[in-house]
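Student: Dropping the sequence and predicted coords here.
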Amino acid sequence: MRGGAGRVGRFGLVAALAVAAVACTPTNHSASTSTVGQQTTLAKNAGYTCHDPTGDISVDPAAAGKLTEPAGIDLVTASALVQGDVLAVSFTTNGPIASVAQPLFDVQSGDPSTAPDLSFELRAQPVDPAKPGGAWSVVLHTFKGGNEAKTDLGVPVSVNADTLSYQVPLTQIPAVASLQWQFGASSSQPNGSVPFDDCSSFTAETTTS
């Protein structure tokens, strides 16, 4: 999973690895400027799929750059879709996930600064960060009333070559109401750098389901 050049934008999540993610070359700006949809019922917002170009990993959230070493997680596709009574989350990467040290996969729905009660974040990472081939956990972050709360959901995570996926019961998360979606992935390297990649409703070709 190697990175290249790309236009860099700010990824609005502060992850457990202190990552501010970035780096998508936009191909079609199709996102709404509204945080919350016209309806807040689940039937009116079935989630989001985001397609990201390869080779746009970065180590600097503020400026475009070129990264050839160290290796990082290069997102290809990320999605969070309402399927029946679950939110199905999936990430596809440009290379095997198990080969990356201390990986973190992040999805945020909404904007905690403007609509905290209708925003949430899901962070998936190995229980032992040094062993991505072992068990993983998914932690829900909510922001109701402007206060962040964390809950380990205990849902199983599947890692198969270049794909990571899991399903969260809709009863365990806030209503899927936002038109804003952000997906990110990062990894910590032995030299202390944290290369990352993101894909969002503002910076990449996206598909509303």
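Tutor: Nice, I can see it. Numbering: from 1, shown residues only.
Student: quick one: low-confidence ranges for the protein?
Tutor: 1-44, 59-71, 132, 203-209 (pLDDT under 70).
Student: change it to 90
Tutor: 1-47, 52-74, 94-102, 114-115, 118, 128-134, 146, 161, 175-180, 186-209 (pLDDT under 90).
Student: Where do the strands of it begin and end?
Tutor: Taking DSSP state E as the criterion, the chain carries its strands at 47-51, 75-83, 86-93, 103-109, 120-126, 136-142, 149-152, 157-160, 163-169, 181-187, 196-200, 206-208.
Student: would TSV of these with mean neighbour count and distance to S58 be doable?
Tutor: The way it works is simple: take the backbone N, C-alpha and C, and place the C-beta from them, glycine included. Below are the strands of the chain laid out as TSV (neighbours: other Cβ atoms under 10 Å; distance: least, Cβ to Cβ, whole Å):
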stretch	mean neighbour count	distance to S58
strand 47-51	22	17
strand 75-83	21	12
strand 86-93	21	15
strand 103-109	26	15
strand 120-126	22	20
strand 136-142	18	23
strand 149-152	11	27
strand 157-160	15	24
strand 163-169	18	20
strand 181-187	28	10
strand 196-200	31	7
strand 206-208	17	20
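Student: could those be laid out in JSON lines, adding distance to I57?
Tutor: JSON lines is the format used below for the strands of the chain (distance: least, Cβ to Cβ, whole Å):
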{"stretch": "strand 47-51", "distance to I57": "16"}
{"stretch": "strand 75-83", "distance to I57": "9"}
{"stretch": "strand 86-93", "distance to I57": "11"}
{"stretch": "strand 103-109", "distance to I57": "13"}
{"stretch": "strand 120-126", "distance to I57": "18"}
{"stretch": "strand 136-142", "distance to I57": "21"}
{"stretch": "strand 149-152", "distance to I57": "27"}
{"stretch": "strand 157-160", "distance to I57": "19"}
{"stretch": "strand 163-169", "distance to I57": "17"}
{"stretch": "strand 181-187", "distance to I57": "9"}
{"stretch": "strand 196-200", "distance to I57": "5"}
{"stretch": "strand 206-208", "distance to I57": "20"}
